[in-house]
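[1] Model the structure of this input:
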Amino acid sequence: MSQPSPDTVSQPSCAREPSYAQEGARAVFGNGTAHSRDQHRCLAAAYDPVTLPRLAAAGAGPGWRCLEVGAGGGSIARWLADRVAPGGSVLATDLDPRDLVPGPGLEVAALDVSRDPLPEAAYDLVVARLILQHVPFRDIVLHKLVRALKPGGMLHIDEIDASYEPPLLTPNPQAEALYVRFLEAKTAALRAAGGDPCWARKVPAAMRAAGLTALDVHLHIGVRHAKDPGLGLQLNHTRNLRDRLKEQGMTDDDLDRVRDLMRDPSFRAASSVFYSVQGRRPAEERP
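    Predicted coordinates:
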């Protein structure tokens, strides 16, 4: 097995600012499909063990009124609905809410967070996981989420920084280069849709600029391997983003080969860096 050399392995760059998606651009990840349900399963398995303890430690509990934007498959929203009972409520929203199921204390609604209004000073907690990096004019949206908080309410944002996720163990240099090319194609596809795959590193400063205080920043990184749900998410993206990846130069043969590589029990790669950031709207704000 070979380990990649720093001189030969490039990584997706964060130096270039993303271009914003044009009017009518299709969402990067659609819902209501087998691919979307598999993606939600992988996301929950990979990141709920980080997100949910963070929310519990922050005090989410009975009586809280909560909003989740980009709720996906609803694993966070369902957990919150149990956590805030009795007396609390959760509104789970998504651009396409077909993969969300309402339940006791849990309402579901369609919401385009970049366009649709939100009530002001309405929520004790607003959660946005792996959504704002895909939203054009995300800093404007961030301010909208802050205004939706009650004084003293908390905004919780989780994002990934895809600029660092190098292969660590591959069968040969060609396999290493293929995996890197896949990562670069995915980054380019997300940028072409108006996203910023490296926005995570900007989240703490953006939340402070939006007026939040008591900022709490946690970083998480792991090792991807065949049984890791984070690598399962990468496998999902080879199919879920197939057309976009082909627009960036990948072929179906490339995608078949990178899937085989990621299923190899000996394969290892660094995960992207997962940023989990919390901040509170001041209880008393200056006029």
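[2] Buried residues of stretch 48-58, list them for me.
    Within stretch 48-58, the residues that count as buried by 16 or more other CB atoms under 10 Å are 51-52, 54-55. Glycine gets a C-beta too; all of them are placed from N, C-alpha and C.
[3] among those, which are in helices?
    Among those, the subset assigned to helices under DSSP state H consists of 51-52, 54-55.
[4] Just give me the closest of these to R78.
    L52 (10.5 Å; CB to CB).
[5] For the closest one, which non-adjacent residue is spatially closest?
    Spatial nearest neighbour of L52, chain neighbours left out: W79 (5.6 Å); criterion: CB to CB, 6 or more residues apart in numbering.
[6] can you pull the buried residues of the helix or strand hosting the one you found?
    Taking DSSP states H and E as the criterion, W79 maps to helix 75-84. The neighbour-count criterion (16+ other CB under 10 Å) identifies 75-81, 83-84 as the buried residues of helix 75-84.
[7] Local confidence estimate at the residue nearest to L52?
    Turning to W79, the model gives it a pLDDT of 98.
[8] how near is it to D48?
    8 Å (CB to CB, to the nearest Å).
[9] again with P197
    Taking CB to CB as the measure, P197 and D48 are separated by 21 Å.
[10] what do you get for P104?
    With distances defined as CB to CB, the gap from P104 to D48 amounts to 20 Å.
[11] Which element is encountered next along the chain beyond the helix holding W79?
    For helix 75-84, the following helix or strand on the C-terminal side (DSSP H and E) is strand 89-94.
[12] residues in contact with that next one?
    When contacts are defined by CB atoms under 8 Å, 6 or more residues apart in numbering, strand 89-94 is touched by residues 31, 65-72, 74, 77, 80-81, 84, 100, 105-111, 113.
[13] Can you flag which of those belong to strands?
    Secondary structure assignment (DSSP state E) places 65-69, 106-110 from the contacts of strand 89-94 within strands.
[14] Might you report the residue contacts of the residue most central in space within the chain?
    By CA atoms, centre = their mean, the chain has its centre lying nearest to L130, at 1.6 Å. When contacts are counted by CB under 8 Å, 6+ apart, L130 touches 43, 47, 70, 158-160.
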